[in-house]
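In: Need a 3D model of the following:
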Amino acid sequence: MPVPLIRLAVVDSTQAFLRRNPQLGFCTVLADRQSEGRGRQGNRWESAAGEGLWMSAALPAPAGVAPGLVLQRAMAATARVLDPEGRALGLKWPNDLVARKEGRLVKLGGILGEQVGGRLILGLGVNLTGAPEIPGRAVPPACLADLGFRGLDPVELAGAIVHLWTDLTENIQLLFQWPESGDALRWEDGQGTCLGWESDGRLKVATAEGIRRLSAGDVAGLA
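Out: Next up, the predicted model:
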């Protein structure tokens, strides 16, 4: 299904733009800059002009995909477009785009999703040539240019990504997923050991109180 692309010089948020313009139907919005970009849990997402891929797409809600898998598969599809040879990019639970740099995880992108009527609105931010300085983060920001990626055109990337987003039934395997079984973890209200990623997108962990299955949250290594 061809999806029209709207390109804006600046917008508060591509996600907010699509929410308040339902008459646009199924389409993609790509912005050179966002003034009020948002990440998960309401965190601000720095979206400087010319430094990243800032986009949202309104698509038909997918059928046959568990809700907890939608964002994971959408981010895995994004990684396939950005890194078709699978040489650097991975997925940090639940749906962050990450890589390893100098022996530690760095975050390259994030994704949001919400269903509004019959539309699934996916919002993506990826640091292409620059990343903000955010001290104190367990997984600090980085950009693809830091990893040797060059010549990434936002318009071409947006078209290729949305093409894969129109069918999220494929389980795309990336170079790595973090955490892996056996990794010690902490999150907002607990800590434990990873036992693996469930088929519905949840994270299975062993804690002192027993087995838990996390549906959402921010996990970090237990130092």
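In: going on from the lengthiest helix in the chain, what's the next piece of helix or strand?
Out: Ranked by residue count, the top helix of the chain under DSSP state H comes out as helix 67-82. Downstream of helix 67-82, the next assigned helix or strand under DSSP states H and E is strand 90-92.
In: Not counting its own residues, what contacts that next one?
Out: If you take C-beta atoms under 8 Å, 6 or more residues apart in numbering as the criterion, strand 90-92 is touched by 72, 75-76, 79, 97-100, 105, 107, 139, 174-178, 219. To be clear about C-beta, it is placed using only N, CA and C from the backbone, and glycine gets the same treatment.
In: What is the lengthiest strand in the chain packed up against?
Out: In the chain, assigned by DSSP state E, the strand with the most residues is strand 104-116. Strand 104-116 makes packing contacts with helix 14-19, helix 67-82, strand 96-101, strand 119-127 when contacts are defined by 3 or more C-beta pairs under 8 Å, 6 or more residues apart in numbering; DSSP states H and E.
In: give me that answer again for 10 Å
Out: Counting contacts by 3 or more C-beta pairs under 10 Å, 6 or more residues apart in numbering; DSSP states H and E, strand 104-116 packs against helix 14-19, strand 52-60, helix 67-82, strand 90-92, strand 96-101, strand 119-127, strand 220-221.
In: circling back: average model confidence for the longest helix of the chain?
Out: In this model, helix 67-82 has a mean pLDDT of 96.
In: what angle sits between it and strand 104-116?
Out: Comparing the axes of helix 67-82 and strand 104-116 via axes from the mean of the first three to the mean of the last three C-alpha atoms, to 10 degrees yields an angle of 120 degrees.
In: of the helices and strands packed on strand 104-116, which approaches residue 4 most closely?
Out: With C-beta to C-beta, the closest approach to residue 4 among these belongs to strand 52-60: 10.2 Å.
In: partners of that closest one, with directions?
Out: strand 27-34 (antiparallel), strand 119-127 (antiparallel) (DSSP bridges).
In: In JSON lines, list the ones you listed along with distance to residue 203 and mean pLDDT.
Out: Shown next, in JSON lines, are these (distance: least, C-beta to C-beta, whole Å; pLDDT from 0 to 100):
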{"stretch": "strand 27-34", "distance to residue 203": "29", "mean pLDDT": "95"}
{"stretch": "strand 119-127", "distance to residue 203": "21", "mean pLDDT": "96"}
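In: out of those, deepest packed?
Out: strand 119-127 (a mean of 24; mean count of other C-beta atoms under 10 Å).
In: Let me know the pLDDT of residue 150.
Out: We have a pLDDT of 89 for residue 150.
In: next one: the one 10 residues further on
Out: You'll see residue 160 listed with a pLDDT of 97.
In: Over to it. Which of the three states is it?
Out: helix (DSSP: H, G, I helix; E, B strand; the rest coil).
In: For it, grab the count of nearby residues.
Out: Neighbours of residue 160 under the rule other C-beta atoms under 10 Å: 16.
In: Same question for the one 5 residues further on.
Out: Residue 165 sits with 22 neighbouring residues when counted by other C-beta under 10 Å.
In: related to what we said a few turns ago, in PyMOL, select just the buried ones from the contacts of strand 90-92.
Out: Remark: buried members of the contacts of strand 90-92, expressed as a PyMOL selection using 16 or more other C-beta atoms under 10 Å:
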select buried, resi 72+75+76+79+97+98+99+105+107+139+174+176+177+178+219
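In: returning to what we had before: which of the residues in the longest helix of the chain are buried?
Out: 68-82.
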